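Peer 1: Next one to model:
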Amino acid sequence: MEFVANNLAAHRSAANGEVLVDVLRRDLGLNGTTVACREGDCGACTVLLGSPRENITGSPLRYRPITSCISPHANARGCHVVTIEGLSAHGSNPLQELLCHYSGTQCGFCTPGFVVSLTGFLLNSPSLSFADASAAIDGNICRCTGYKAIERAIQQLIATYAPRLLAAPSRIAALVSEGFLPDYFLQVPHKLPSYQAAAHRSPAHPSPLIGGGSDLFVQRPGELRPQELKLLHPGKETRQIAVEPSQVIIPASSSIHDFCEHPQLKKLLPCLDKVKKLFASTQIRQQATIAGNIINASPIGDIANFLLALDTTLLLRSTAGDRLVAQKELYLGYKTLSLRPEELLFELRFALPTPRTRVSFEKVSRRTHLDIASVTSTMVLTLEGATIVAAAISAGGVAPFPLRLSHLESWLVGRAASPQTAREAANRVTEEIKPISDVRGSAAYKTLLLSQMILAHFLSCCPETISEESLLV
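Peer 2: Residues are numbered from 1 along each chain as shown. Model prediction:
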């Protein structure tokens, strides 16, 4: 592998499957990046990954916070990896000093992750608001300090520095000037091109294909780490999500963050903000891919269920050519796909929502945030006046795979968007599902959840004709 780690070139020969945190600590001696959960949950191992942007306007590098304990190090080829050691040239930088001043650290084990995540906030937030800063550390756990001290440090950080940083023409240059970043950051974009030739090597023998690795490196770490893996998106970012006049095209390697934060999609699908907040932490959204959530075929995959209700079509690519498959036809059984061995998911497409289209997303889990769904569901209704002319409903956690409720969809077409229709739809939902009892709830509980979600969907999609009071009659 070849990348820039802080201000130093890294030339290592570890297998592609070695996770980044182990290479940083064992091979490069960057021990400030700490290891705790090895599942991407605690944020202690957070680093910034600066990816070159090819044929994309804006800064030459995009810095993303990722959990290095579940990221294959080979995804860093041709990139700039920033650890806690790379954020100050001499002593502490202003962010570290503020955390110390406001007692935002005690044992210090989690502190490097907080500092790196907040540096990502300073680099990426367009508004430098407290809400953005809080979201930036949603994947960082502190078990001894208490978050109020960290919040006070953040509030002072914003009050002191946000006005100057927002007024600056270059955010990176301003952060260097204010002492948050060493001046070598200004030279990194000029160093990386020489590493790009090595960024796209693929193993000659068959091997697993890995995107962000956010699930596979939790489920199968021992199997993957010794391997030379094929990588879905090493090095450069070359393709973006495209919103065309009639359809949306999503490259398979797009991250969950790219999908949920796309400015045009957020206007077309306002519930994307809810999807984002309930999906996972900032670090996981930055590295998990759309393709991974689809191909994983988990019955409770949030994005898979959301896209399923949008009638998404998949472009599958192989040496034999391209093949279009409806996502609802992809799932044959539990973790079983209608995917040929040589095929890869290349991109996803769905029709542009119209002004008559209403989309609602619901998810219930044991914890509200950062948890796996007990049940998740999406409803897409197209209305003409108060009449339903098209319906699509997905349900996760109530079948062996992401499920479309096709019988209920057909029943809804032509009916009035009324409280009576909503109540009867909630009763009919039990006809198509086969939930099982597990650690996330009993079969009866999941059935009740989905029925309640149907009512919530109608409240969201049809506020002109349906109210909470009307559903209680």
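
Peer 1: immediately after the helix or strand encompassing Ile454, which helix or strand?
Peer 2: Using DSSP states H and E, Ile454 sits in helix 443-461. Remark: after helix 443-461, the chain's next helix or strand is helix 468-471, criterion DSSP H and E.

Peer 1: what comes up buried for that following helix?
Peer 2: Leu471 (16 or more other CB atoms under 10 Å). C-betas here are computed from N, CA, C, even on glycine.

Peer 1: now for that helix, which elements pack on it?
Peer 2: Identification of packing neighbours for helix 468-471 by 3 or more CB pairs under 8 Å, 6 or more residues apart in numbering; DSSP states H and E yields helix 419-428, helix 443-461.

Peer 1: which one of these lies closest to Ile290?
Peer 2: Relative to Ile290, the nearest member of the helices and strands packed on helix 468-471 by CB to CB is helix 443-461, separated by 22.9 Å.

Peer 1: What lies in contact with that closest one?
Peer 2: Here helix 443-461 makes contact (CB atoms under 8 Å, 6 or more residues apart in numbering) with 271, 358-360, 362, 364, 374-375, 377, 379, 381, 383, 393, 395, 397-398, 417, 421-423, 425-427, 429-430, 433, 435-437, 440-441, 466-468, 471.

Peer 1: Test for you: state the pLDDT assigned to Gln286.
Peer 2: As predicted, Gln286 sits at a pLDDT of 92.

Peer 1: secondary structure element for it?
Peer 2: Using DSSP H and E, Gln286 maps to helix 282-287.

Peer 1: Where does the closest residue to Glu178 other than its chain neighbours sit: helix, strand or coil?
Peer 2: Distance criterion CB to CB, 6 or more residues apart in numbering; nearest residue to Glu178, sequence neighbours excluded, is Tyr161 at 6.1 Å. With DSSP: H, G, I helix; E, B strand; the rest coil as the basis, Tyr161 sits in helix.

Peer 1: Name the residues of the lengthiest strand in the chain that come out as buried.
Peer 2: When the chain is parsed with DSSP state E, its longest strand is strand 373-384. Using 16+ other CB under 10 Å as the test for burial, strand 373-384 gives Ala373, Ser374, Val375, Thr376, Ser377, Thr378, Met379, Val380, Leu381, Thr382, Leu383.

Peer 1: The nearest residue to the last one once chain neighbours are set aside: what's it in contact with?
Peer 2: It stands for Leu383. Once flanking residues are discounted, Leu383 sits nearest to Arg356: 5.5 Å by CB to CB, 6+ apart. Going by CB under 8 Å, 6+ apart, Arg356 touches Thr382, Leu383, Glu384, Val389.

Peer 1: Redo these as TSV? Include distance to Asp258.
Peer 2: Listed next are the contacts of Arg356 as TSV, based on distance: CB to CB, whole Å:
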residue	distance to Asp258
Thr382	27
Leu383	30
Glu384	34
Val389	32
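
Peer 1: and those, which two are the farthest apart?
Peer 2: Greatest spatial distance among the contacts of Arg356 (CB to CB): Thr382 and Glu384, at 7.7 Å.

Peer 1: Report pLDDT for the nearest residue to Pro419 once chain neighbours are set aside.
Peer 2: Nearest residue to Pro419, sequence neighbours excluded (CB to CB, 6+ apart): Ser470, at 3.9 Å. Ser470 is assigned 94 on the pLDDT scale.

Peer 1: Likewise for Cys107?
Peer 2: 89.

Peer 1: tally of neighbours for it?
Peer 2: Cys107 has 10 neighbouring residues, counting by other CB atoms under 10 Å.

Peer 1: Setting the sequence-adjacent residues aside, check what's closest to it.
Peer 2: Closest to Cys107 by CB to CB, 6+ apart is Cys144, at 5.5 Å.

Peer 1: likewise Ile141?
Peer 2: In this structure, Ile141 finds its nearest non-sequential neighbour in Cys42, 4.5 Å apart by CB to CB, 6+ apart.

Peer 1: repeat for Asp273
Peer 2: With CB to CB, 6+ apart as the criterion, Asp273 has its nearest non-adjacent residue at 6.8 Å, and that residue is Lys266.

Peer 1: Hmm, the one you found is touching Leu272, no?
Peer 2: Yes: contact status for Lys266 versus Leu272: in contact at 5.4 Å, counting by CB atoms under 8 Å.

Peer 1: Mind listing the shared neighbours of the two?
Peer 2: Residues touching both Lys266 and Leu272 by CB under 8 Å, 6+ apart: Cys260.

Peer 1: Look at the two and report which has more neighbours.
Peer 2: Here Lys266 and Leu272 are set side by side on neighbour count (other CB under 10 Å), and the busier one is Leu272, at 19 against 14.

Peer 1: what residues are up against the more buried one?
Peer 2: Leu272 sits next to Phe259, Cys260, Leu265, Lys266 when contact means CB under 8 Å, 6+ apart.

Peer 1: Tell me which helix or strand the last one sits in.
Peer 2: Under the assignment given by DSSP H and E, the secondary-structure element containing Lys266 is helix 263-268.

Peer 1: go on, the first one?
Peer 2: Per DSSP H and E, Phe259 falls inside helix 256-260.

Peer 1: Which residues does that helix contact?
Peer 2: With CB under 8 Å, 6+ apart as the test, helix 256-260 has contacts from 64, 240-241, 250, 265-266, 272-273, 275-276, 279-280, 282, 284-286, 288-290, 293, 303.
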